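Peer 1: Please find the sequence and the predicted model below.
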Amino acid sequence: MNGSEPTVVGIAHQMAGSTVRLRPVTEDDLEMMRRFAVEPGLIGLDWAGFRDAAAPARRFAENGYLGEQIGGLIVQVEPSADSRAGYVSYLQRQNGGRAPYWEIGIVLLPEWRGQGFGWRAQALFCDYLFSHTPAQRIQASTHAENAAEQRSLEKAGFQLEGVVRACEFRAGAWRDGWLYSRLRDDPSPL
Ligand SMILES: CC(C)(COP(=O)(O)OP(=O)(O)OC[C@H]1O[C@@H](n2cnc3c(N)ncnc32)[C@H](O)[C@@H]1OP(=O)(O)O)[C@@H](O)C(=O)NCCC(=O)NCCS
């Protein structure tokens, strides 16, 4: 990098032999987004029945999945012939006061799981959001039985805040959520 180039925070991270990169959704990604909507269980425990398969194209046409309050980025792993590994999402939320925080989510395609990409993508995504927005807090919630996401969030610099009781109706029952956060001043693991 020469001295005049800006430092771009939170879009790529190199690991042994691979680079994990976050980038905007393109038209070619819409097939994966449609699969998430209509393939039972592909998104993991968050599967809540069939969703509108035409919605991804509408969202893409509206703002390229880059809305001010809701949107997401593609997780890409290079070098790979088909490097599209999954998707990370952001949603603006607010308690009292006037300053919002972010809630993030992630899904990797099954063939990309368990190789160290999930925690890195979430850590990168936090660095990206903290770099480009003044948010103080990023939160993420997961399920009691989702050991992979619990560990992945911890490795991405999140701390468990507690159990939110009966917060989601899923697979025929009301279930607890595990709430995690990473604050701006918490160290980035990258
Ligand atoms: C959850 C998810 C994002 C995690 O990403 P990943 O790439 O699979 O996880 P990583 O390879 O980064 O692993 C991070 C840590 O979790 C551990 N881990 C991974 N899969 C695990 C599993 N199935 N059970 C227990 N621990 C697991 C890893 O060993 C690693 O910890 P370690 O370094 O101490 O060994 C990914 O598995 C996924 O997309 N799952 C389906 C969708 C989902 O559940 N999204 C979250 C909804 S709340």
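Peer 2: Okay, I see it. Nothing here was measured: the structure is a model prediction, and the numbers come from that model. Numbering: from 1, shown residues only.

Peer 1: Ramachandran coordinates for whatever residue of the chain ends up closest to the ligand?
Peer 2: Closest contact between the chain and the ligand, by C-beta to the nearest ligand atom, is at G118 (1.8 Å). C-beta here means a position set from N, CA and C on the backbone, and glycine is covered the same way. When read as degrees, to the nearest 10, the backbone of G118 gives phi -60, psi -50.

Peer 1: That one and A148 touch, don't they?
Peer 2: Yes: using C-beta atoms under 8 Å, G118 makes contact with A148 at a distance of 7.1 Å.

Peer 1: Is there a neighbour count for the residue of the chain closest to the ligand? I'd like the number.
Peer 2: Using other C-beta atoms under 10 Å, G118 is surrounded by 26 other residues.

Peer 1: How are the strands of the chain distributed by residue range?
Peer 2: For the chain, strands defined by DSSP state E occupy the ranges 12-15, 18-23, 70-78, 84-93, 101-108, 137-143, 159-170, 173-183.

Peer 1: The one helix or strand in the chain whose mean pLDDT sits lowest: which residues count as buried?
Peer 2: The least trusted helix or strand in the chain, going by mean pLDDT, DSSP states H and E, turns out to be strand 12-15, with a mean of 92. Residues of strand 12-15 classed as buried by neighbour count (16 or more other C-beta atoms under 10 Å): H13.

Peer 1: Excluding chain neighbours, what is closest to the residue of the chain closest to the ligand?
Peer 2: Take G118 and drop its neighbours on the chain: the residue closest to it by C-beta to C-beta, 6 or more residues apart in numbering is S152, 4.6 Å away.
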